[in-house]
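S.K.: Quick one, fold the following:
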Amino acid sequence: MPSDEVEKVPEDASTQDVEMDQGEQSTQAETENPTGSGDRAPPATIEAADDVDAEADPVEERKTFASSLMSPVVTLMVGKEEPTLLQAHQAFLVRSPYFEDICSKFAEDGSPRHIELPDEDFDAVGCFLEFLYTGEYFPRKIAGQRTLEHDPSIPPIDDSGIQLLKHAKIYTLAQKWGVAALQTLAANKIHCINSTVKGEIEYARYVYANTAPDDTTIRAPVANFWATRSHTLRSEAEDEFKALCLEFPQFGFDILTRVLDDKLKRERNEKMHPSSGSVRKRPRHSSATGA
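M.R.: As a prediction, the model looks like this:
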């Protein structure tokens, strides 16, 4: 009878459902974790991802060094009293946001491209260009050491501050022209220079005249240097030190602030960790022999 008839289900229907469920689960698992148990995805997955990326955002072709040398040549007039001409390829210059903006305004008609830099130091500009072309500038820092390549044209001890000023000028130029990597490199080289008190004074004068008050890369270390050594450095060049403090009152204030801060830290430390027994006094220096 019709009421007693039972609808027949194909024998392989349940099997098909299971197989479909397993297939969907497998697909879902691969979507959530395309790399599977290993660190690298299957080749098919990598190819598919590459194809999607290529369609969405085409990869810009890398410019070779030779192709950069084929870019237009820009003439740089450096200096004011005795200006000197330098030339550089535009492809390297535009690595600086400063020059990128200038070069974007040049006409594309083959006319000469000229930039005047009357207030810049010739040697600093040369080192700047050397960095744009090579990623370094002479003298290079020796890997793993706090020293630079030997330069036979300069003395081992910087008595005039010329070596410190070389890197300080490159630092401020890189900051002005927006090349952070060169800033970092120049700042690191400053710490590789062996200098005398007079050299340090000339360096401090330049830094306080050409950096912002909130500069923590080379300006703050100058104040810290003099704050920890002023009692000995001042005696070696007292007149120069006094003149520098009068010329840049901020210099003297920064040193005094750090000296007082260090004193306050010592007092707090002594209160938190009082010493047992007698307190050692600073030894007196006597001019009398044998006293």
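
S.K.: and the gap between residue 168 and residue 119?
M.R.: 16 Å (CB to CB, to the nearest Å). Where C-beta positions appear, they are placed from N, C-alpha and C, glycine not excepted.

S.K.: Which one's more surrounded, these two?
M.R.: Under the criterion of other CB atoms under 10 Å, the comparison of residue 168 against residue 119 puts residue 168 first, with 25 against 8.

S.K.: Isn't that one up against residue 207?
M.R.: Yes. Counting by CB atoms under 8 Å, residue 168 touches residue 207, with 6.1 Å between them.

S.K.: Need the overlap of contacts for the two.
M.R.: Shared contacts of residue 168 and residue 207, defined by CB atoms under 8 Å, 6 or more residues apart in numbering, are found at residue 218.

S.K.: List the residues that contact residue 257.
M.R.: residue 223.

S.K.: how about a cut-off of 10 Å?
M.R.: 223, 227 (CB atoms under 10 Å, 6 or more residues apart in numbering).

S.K.: going forward can the numbers begin at 2, since that is how I track them
M.R.: I'll keep to 2 as the first residue from here, and by that count the last item is residue 258.

S.K.: Check for me that it belongs to a helix.
M.R.: Yes. According to DSSP: H, G, I helix; E, B strand; the rest coil, residue 258 belongs to a helix.

S.K.: how about the spatially most central residue of the chain, what does it touch?
M.R.: The centroid of the chain falls nearest to residue 185 when counting by CA atoms, centre = their mean (3.2 Å). Residue 185 is in contact with 172, 175, 218, counting by CB under 10 Å, 6+ apart.

S.K.: Could you list the buried residues of the one helix or strand it maps to?
M.R.: Using DSSP states H and E, residue 185 sits in helix 181-191. Residues of helix 181-191 classed as buried: 183, 184, 186, 187, 188, 190, 191 (neighbour count, 16 or more other CB atoms under 10 Å).

S.K.: Could you report the distance from the first one to residue 192?
M.R.: According to CB to CB, residue 183 and residue 192 sit 16 Å apart.

S.K.: now swap in the third one and tell me
M.R.: To residue 192, residue 186 is 12 Å away according to CB to CB.

S.K.: Overlap of the contact sets of those two?
M.R.: Joint contacts of residue 186 and residue 192 (CB under 10 Å, 6+ apart) are 142, 168.

S.K.: related to what we said a few turns ago, okay if I get the buried residues of helix 181-191 as JSON lines plus distance to residue 152 and pLDDT?
M.R.: As requested, those are exported to JSON lines (distance: CB to CB, whole Å; pLDDT from 0 to 100):
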{"residue": "183", "distance to residue 152": "19", "pLDDT": "98"}
{"residue": "184", "distance to residue 152": "22", "pLDDT": "97"}
{"residue": "186", "distance to residue 152": "16", "pLDDT": "97"}
{"residue": "187", "distance to residue 152": "16", "pLDDT": "97"}
{"residue": "188", "distance to residue 152": "19", "pLDDT": "97"}
{"residue": "190", "distance to residue 152": "12", "pLDDT": "96"}
{"residue": "191", "distance to residue 152": "15", "pLDDT": "96"}
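
S.K.: wait, which of these is closest to residue 154?
M.R.: Nearest to residue 154 out of the buried residues of helix 181-191 is residue 190 (CB to CB; 16.1 Å).

S.K.: ok, back up a step: could I get the buried residues of helix 181-191 as JSON lines with distance to residue 271?
M.R.: Listed next are those as JSON lines, based on distance: CB to CB, whole Å:
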{"residue": "183", "distance to residue 271": "44"}
{"residue": "184", "distance to residue 271": "40"}
{"residue": "186", "distance to residue 271": "41"}
{"residue": "187", "distance to residue 271": "40"}
{"residue": "188", "distance to residue 271": "35"}
{"residue": "190", "distance to residue 271": "39"}
{"residue": "191", "distance to residue 271": "35"}
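
S.K.: Can you pick out the most distant pair from these?
M.R.: Maximum distance among these (CB to CB): 12.8 Å, for 183 and 191.

S.K.: so what sits against both of those two?
M.R.: Common neighbours of residue 183 and residue 191 (CB under 10 Å, 6+ apart) are 171, 172.

S.K.: Check which residues of stretch 102-113 are buried.
M.R.: Under 16+ other CB under 10 Å, the buried positions of stretch 102-113 are 103, 104.

S.K.: Equivalent analysis for stretch 227-247, please.
M.R.: In stretch 227-247, counting by 16+ other CB under 10 Å, buried: 227, 228, 231, 234, 235, 238, 241, 242, 245, 246.
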